[in-house]
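Trainee: Provide a 3D model corresponding to the input given below.
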Amino acid sequence: MGRLIAFNLLFFMVPFVVYLGWLYMKRGRVNDTADWTLRIVGWLAAGGAVIMIASLLVFVHFSGAPPGAVYVPAEIVDGELIPGHFE
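Mentor: So this is what the prediction gives:
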(Lines give C-alpha, C1' and ligand atoms only; values in the text may rest on other atoms or scores of the structure.)
Protein backbone atom coordinates (compact mmCIF):
# COMPACT_ATOMS: atom_id res chain seq x y z
CA MET A 1 0.00 0.00 0.00
CA GLY A 2 2.86 2.34 0.77
CA ARG A 3 4.31 1.84 -2.69
CA LEU A 4 0.97 2.74 -4.30
CA ILE A 5 0.73 5.92 -2.24
CA ALA A 6 4.34 6.84 -3.09
CA PHE A 7 3.75 6.35 -6.82
CA ASN A 8 0.56 8.42 -6.71
CA LEU A 9 2.31 11.18 -4.78
CA LEU A 10 5.20 11.11 -7.25
CA PHE A 11 2.92 11.45 -10.27
CA PHE A 12 0.83 14.14 -8.55
CA MET A 13 3.96 16.21 -7.84
CA VAL A 14 5.28 16.15 -11.45
CA PRO A 15 3.64 19.45 -12.53
CA PHE A 16 4.86 21.19 -9.37
CA VAL A 17 8.44 20.04 -9.93
CA VAL A 18 8.34 21.04 -13.60
CA TYR A 19 6.98 24.50 -12.68
CA LEU A 20 9.59 24.85 -9.94
CA GLY A 21 12.35 24.00 -12.45
CA TRP A 22 10.93 26.45 -14.98
CA LEU A 23 10.84 29.22 -12.38
CA TYR A 24 14.40 28.49 -11.32
CA MET A 25 15.72 28.50 -14.91
CA LYS A 26 13.78 31.64 -15.85
CA ARG A 27 14.25 33.79 -12.74
CA GLY A 28 16.86 32.04 -10.62
CA ARG A 29 14.55 31.94 -7.60
CA VAL A 30 11.44 30.00 -6.65
CA ASN A 31 10.30 31.54 -3.37
CA ASP A 32 8.49 34.62 -4.69
CA THR A 33 4.86 34.43 -3.55
CA ALA A 34 3.68 36.20 -6.72
CA ASP A 35 4.73 33.12 -8.69
CA TRP A 36 2.63 30.77 -6.53
CA THR A 37 -0.85 32.26 -6.74
CA LEU A 38 -3.91 30.20 -5.90
CA ARG A 39 -4.83 30.03 -9.58
CA ILE A 40 -1.43 28.61 -10.58
CA VAL A 41 -1.40 26.13 -7.70
CA GLY A 42 -4.93 25.09 -8.65
CA TRP A 43 -3.91 24.43 -12.25
CA LEU A 44 -0.84 22.51 -11.09
CA ALA A 45 -3.00 20.42 -8.73
CA ALA A 46 -5.50 19.71 -11.50
CA GLY A 47 -2.68 18.68 -13.82
CA GLY A 48 -1.21 16.48 -11.12
CA ALA A 49 -4.59 14.83 -10.55
CA VAL A 50 -4.96 14.12 -14.28
CA ILE A 51 -1.46 12.61 -14.45
CA MET A 52 -2.12 10.57 -11.29
CA ILE A 53 -5.42 9.18 -12.62
CA ALA A 54 -3.83 8.38 -15.98
CA SER A 55 -0.98 6.53 -14.27
CA LEU A 56 -3.46 4.55 -12.16
CA LEU A 57 -5.37 3.54 -15.28
CA VAL A 58 -2.16 2.44 -17.00
CA PHE A 59 -1.04 0.43 -13.96
CA VAL A 60 -4.43 -1.25 -13.65
CA HIS A 61 -4.61 -2.05 -17.34
CA PHE A 62 -1.10 -3.45 -17.75
CA SER A 63 -0.58 -5.22 -14.43
CA GLY A 64 -2.09 -8.29 -12.86
CA ALA A 65 -2.79 -11.77 -14.05
CA PRO A 66 -3.78 -12.75 -17.58
CA PRO A 67 -7.48 -13.34 -18.23
CA GLY A 68 -8.68 -16.73 -17.07
CA ALA A 69 -5.86 -17.23 -14.56
CA VAL A 70 -6.71 -18.83 -11.23
CA TYR A 71 -5.29 -17.42 -8.00
CA VAL A 72 -3.58 -19.92 -5.73
CA PRO A 73 -3.41 -18.50 -2.20
CA ALA A 74 -0.26 -18.51 -0.08
CA GLU A 75 0.35 -21.67 1.88
CA ILE A 76 2.90 -23.21 4.20
CA VAL A 77 4.40 -26.48 2.96
CA ASP A 78 6.91 -28.28 5.19
CA GLY A 79 7.45 -25.11 7.21
CA GLU A 80 8.20 -23.02 4.11
CA LEU A 81 5.95 -20.17 2.98
CA ILE A 82 4.95 -20.38 -0.67
CA PRO A 83 3.57 -16.98 -1.75
CA GLY A 84 0.27 -16.66 -3.53
CA HIS A 85 0.42 -16.71 -7.32
CA PHE A 86 -1.66 -17.05 -10.45
CA GLU A 87 -1.75 -20.24 -12.53
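Trainee: residues in contact with Pro83?
Mentor: The neighbours of Pro83, taking Cβ atoms under 8 Å, 6 or more residues apart in numbering as the test, are Ala74. (C-beta placed from N, C-alpha, C; glycine too.)
Trainee: how near is it to Pro66?
Mentor: Counting by Cβ to Cβ, to the nearest Å, the separation of Pro83 from Pro66 is 18 Å.
Trainee: same check on Ala6?
Mentor: Plainly put, Ala6 is 27 Å away from Pro66 if you go by Cβ to Cβ.
Trainee: those two: which is more packed in?
Mentor: More neighbours surround Ala6 than the other of Ala6 and Pro66, with 10 against 6 (other Cβ atoms under 10 Å).
Trainee: the more buried one: helix or strand, and which one exactly?
Mentor: When secondary structure is defined by DSSP states H and E, Ala6 falls within helix 2-27.
Trainee: surely Asn8 and Met52 touch.
Mentor: Yes - with the criterion set as Cβ atoms under 8 Å, Asn8 and Met52 qualify as a contacting pair; they are 5.3 Å apart.
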